[in-house]
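> Fold the stuff below for me.
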Amino acid sequence: MAHFQILLYTSSRLNPTEDTRVQLLTDGPTSATAVSIPDPPSGFFVSWHFQPNKPLSILAIYLSAIDCMYQYAQKGWDDIFEGGARTWVTGYKVEVDLEDIQKPGGPLPLLISHIVLGLYYTIVELWRSKRYCKVTASLSTHSRQRGTLRIQDLGSPVLSVNTANDNLTNISPGALSFTTPTYPSGSFSDVDDHRFTIDYAYDGGRIASEDIFIAALDGLATSAQYIDDSKFQHLAATSASGKSQIDVSEVASPHQVNYSYVIKALRILTLDVIRYLRKFEGMTFDLKWEGISIAKGYMKAVQRVDNDGSRGIDIARREARALPRLLQSQVSGVERR
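Reported below is the predicted structural model:
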């Protein structure tokens, strides 16, 4: 995985609004076999404007972000986004707004990759700074803005709008499955194709809710770089804190697994099962096609220090690219704490 250089500029915390700017620069190639958060495009740049006087529901932020990430993880990584879009989850008063500031056919289009990475880094920054409030993120490359991402209070939902400037997305929790989740185990069928099902079983191990949601966002962003029909083998997603991991691997079967199933499974498990049950625990799950297992996975808490005092292999391997750790780097003699 390439390393990132993080440049930070922040205003005084005494101000009613705060600004943070982060530049992500790759300084080395990524292994062709690595399956992890994609490298940002050259010169990719995110700047944030926080409004702490407009607090938002923490749970609603994560749910809306996961649903938004789910929508765009299914699109082409280099596809062009035009116009605007709003994503929210029924019953929660937070929306994710996207806007392309370029005119159609302009020289600096907003790409799906910019949206996916911008949303992921924005959520991680909200978690890191504990500023769960309205935030506006400017998505730029080489200091030239391409688009805007906002997380804010839900506006007045429009029941039927289908224009380039206001393409609304409203996915109701549970819309991807037929059944009501049960504890401690259960099975879900995809509402669009009942041949795809997910069996799950909680293991009772407690995990912080934000670690579950950010690990899921990691997995969605990682999967987004592949087209839907790309052959899937293995995914290891980790929360920004390094305390939670989601791992999915294909199993021998007569069916080929692709990333579309993994993307849908992450959305169902988080928004349909975990959200409904309010059970933030480890679990195992089995993805099935026509009753045959095609991939198995787990969600678990990860101990940062082993019994012998050494760091775990998974954490040591992935910690190098964890954004919160990089945000502690000294910049111009000032250390962020």
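> domain parsing for this protein?
Under automatic domain parsing, the residue ranges defining each domain of the chain are 4-172, 185-302.
> Packed most tightly, which of those domains would that be?
With neighbours taken as mean count of other C-beta atoms under 10 Å, the domains of the chain reach their highest mean count in domain 185-302, at a mean of 19. In short, each C-beta sits where N, CA and C put it, glycine included.
> thinking again about what came up before, out of the domains of the chain, which gets the lowest mean score?
Lowest mean pLDDT of these: domain 4-172, a mean of 78.
> CA atoms only for the longest helix along the chain - export them in CSV, please.
The helix of greatest length in the chain, counted in residues with DSSP state H as the criterion, is given as helix 112-129. Written as CSV, here are the backbone C-alpha positions of helix 112-129 (Å, rounded to 0.1, in the frame of the first residue of the first chain):
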residue,chain,number,x,y,z
ILE,A,112,-16.9,8.4,-8.4
SER,A,113,-13.5,7.7,-7.0
HIS,A,114,-13.4,11.3,-5.6
ILE,A,115,-16.8,10.7,-3.9
VAL,A,116,-15.9,7.4,-2.4
LEU,A,117,-12.5,8.5,-1.0
GLY,A,118,-13.8,11.9,0.1
LEU,A,119,-16.7,10.3,2.0
TYR,A,120,-14.5,7.8,3.7
TYR,A,121,-11.9,10.4,4.8
THR,A,122,-14.6,12.7,6.0
ILE,A,123,-16.2,10.1,8.2
VAL,A,124,-12.8,9.1,9.6
GLU,A,125,-12.1,12.8,10.4
LEU,A,126,-15.5,13.2,12.1
TRP,A,127,-14.6,10.1,14.2
ARG,A,128,-11.1,11.2,14.9
SER,A,129,-12.0,14.8,16.0
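> Listing partners with orientation, what would you give for the helix or strand following that helix?
Sequence order places strand 133-141 as the next helix or strand after helix 112-129, per DSSP states H and E. In its sheet, strand 133-141 lies beside strand 44-55 (antiparallel), strand 144-153 (antiparallel), with partners assigned from DSSP bridges.
> what about the most centrally placed residue in the chain, distance to S64?
In the chain, the residue lying closest to the centroid (C-alpha atoms, centre = their mean) is L217, at 2.2 Å. As for L217, its distance to S64 is 11 Å (criterion: C-beta to C-beta, to the nearest Å).
> circling back: Serialize the strands paired with strand 133-141 to CSV and add fields for distance to E82.
Listed next are the strands paired with strand 133-141 as CSV, based on distance: least, C-beta to C-beta, whole Å:
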stretch, distance to E82
strand 44-55, 19
strand 144-153, 10
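> for the helix or strand where L98 lies, the distance to its chain's centre please.
Element membership of L98 [criterion: DSSP H and E] is strand 94-100. In terms of C-alpha atoms, centre = their mean, to the nearest Å, the centre of strand 94-100 is found 15 Å from the chain centre.
> And for stretch 199-217?
With C-alpha atoms, centre = their mean as the basis, stretch 199-217 stands 14 Å off its chain's centre.
> now swap in stretch 281-298 and tell me
The gap between the average C-alpha position of stretch 281-298 and the chain average comes to 21 Å, counting by C-alpha atoms, centre = their mean.
> cool, and stretch 114-129?
On the basis of C-alpha atoms, centre = their mean, the separation between the geometric centre of stretch 114-129 and that of its chain is 8 Å.
> returning to that earlier point: the residue nearest to the centre of the chain - that's part of a helix, no?
Yes - the assignment for L217 is a helix, going by DSSP: H, G, I helix; E, B strand; the rest coil.
> okay but it is in contact with I123, surely?
Yes - the pair L217 and I123 qualifies as a contact (C-beta atoms under 8 Å) at a distance of 5.9 Å.
> which residues do the two both contact?
By C-beta atoms under 8 Å, 6 or more residues apart in numbering, L217 and I123 have these common neighbours: A65.
> Now for the residue nearest to the centre of the chain: which residues touch it?
With contacts defined as C-beta under 8 Å, 6+ apart, the neighbours of L217 are 65-66, 69, 119-120, 123.
> Now flag whichever of those is closest to L271.
Top of the list for closeness to L271, among these and by C-beta to C-beta, is I66 at 6.2 Å.
> isn't there a helix covering the closest one?
Yes - counting by three-state DSSP, I66 is located in a helix.
> To which secondary structure element type does the closest residue to it other than its chain neighbours belong?
Using C-beta to C-beta, 6 or more residues apart in numbering and skipping the chain neighbours, the partner closest in space to I66 is T270 (5.4 Å). Three states are possible here, and by three-state DSSP the one that applies to T270 is helix.
> Just confirm T270 contacts S64, I think it does.
No - with contact defined as C-beta under 8 Å, T270 does not reach S64; the gap is 11.8 Å.
> List the residues that contact the residue nearest to I66.
Contact criterion C-beta under 8 Å, 6+ apart gives 63, 66, 212-213, 216 as the residues in contact with T270.
> Ok, K243 next?
Taking C-beta under 8 Å, 6+ apart as the definition, contacts of K243 comprise 207-208, 211, 301-302, 304.
> Now that we have the domains of the chain, can you turn them into CSV and tack on distance to T179?
Supplementary listing: these in CSV, determined by distance: least, C-beta to C-beta, whole Å:
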stretch, distance to T179
domain 4-172, 15
domain 185-302, 6
